[in-house]
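In: Dropping a prediction and its sequence here:
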Amino acid sequence: QVQLVESGGGLVQPGGSLRLSCAASGSFYRIADMGWYRQAPGKQREQRELVATITSGGDTNYSDSVKGRFTIARDNAKNTVYLQMSSLKPEDTAVYYCNAMAYANRYVYFAHWGQGTLVTVSL
């Protein structure tokens, strides 16, 4: 069983910054890719969009909508991934979900999701 616990969401004014954290715990062989996704208000789970991902080696990938404003990082020793968000816009308002690909053994992995943390960008 793998648990992902997110923190750091909240209310921020446009142009402001927030830092999200997600720590993985439980029983697993290793954690591979980790990432952040978001679900805007009124959108269905199937419309959850990728924000950023990072491999265990540190390779990153960003959606065009956040490139240059958000930075993803991870601490492999702590099985934790971070999302530093800057120059926030009202359209960044969403529930942000942490995702982790956790290997149960050398060959089999499963995708795990956190419970989500709400980020609201508003005056």
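Out: That came in fine, so what should we check first? Numbering: from 1, shown residues only.
In: So for the chain, the centremost residue is which one?
Out: Against the mean C-alpha coordinate of the chain, by CA atoms, centre = their mean, the closest residue is residue 36 at 2.3 Å.
In: Please verify my assumption that it contacts residue 94.
Out: No - applying CB atoms under 8 Å, one finds residue 36 not in contact with residue 94, separated by 10.2 Å. For the C-beta atoms, the positions are set from N, CA and C on the backbone; glycine is no exception.
In: rewinding a little: quick check: the residue nearest to the centre of the chain vs residue 109, distance?
Out: Applying CB to CB, to the nearest Å, the value for residue 36 to residue 109 is 18 Å.
In: cool, and residue 40?
Out: Counting by CB to CB, the gap from residue 40 to residue 109 is 28 Å.
In: and what of residue 31?
Out: Relative to residue 109, and taking CB to CB, residue 31 is found at 9 Å.
In: what touches both of the two?
Out: Residues touching both residue 31 and residue 109 (CB atoms under 8 Å, 6 or more residues apart in numbering) are 101-103.
In: In strands only, show me these.
Out: 101-103 (DSSP state E).
In: ok, for residue 15, nearest residue in space, not its chain neighbours?
Out: residue 87 (6.1 Å; CB to CB, 6 or more residues apart in numbering).
In: Give me the three-state assignment for the one you found.
Out: Classification of residue 87 using DSSP: H, G, I helix; E, B strand; the rest coil returns coil.
In: residues contacting the residue nearest to the centre of the chain?
Out: By CB under 8 Å, 6+ apart, residue 36 lies in contact with 20, 22, 51-53, 72, 81, 83, 96-99.
In: Return the set of residues that bridge with it.
Out: With DSSP bridges as the criterion, residue 36 is bridged to residue 52, residue 98.
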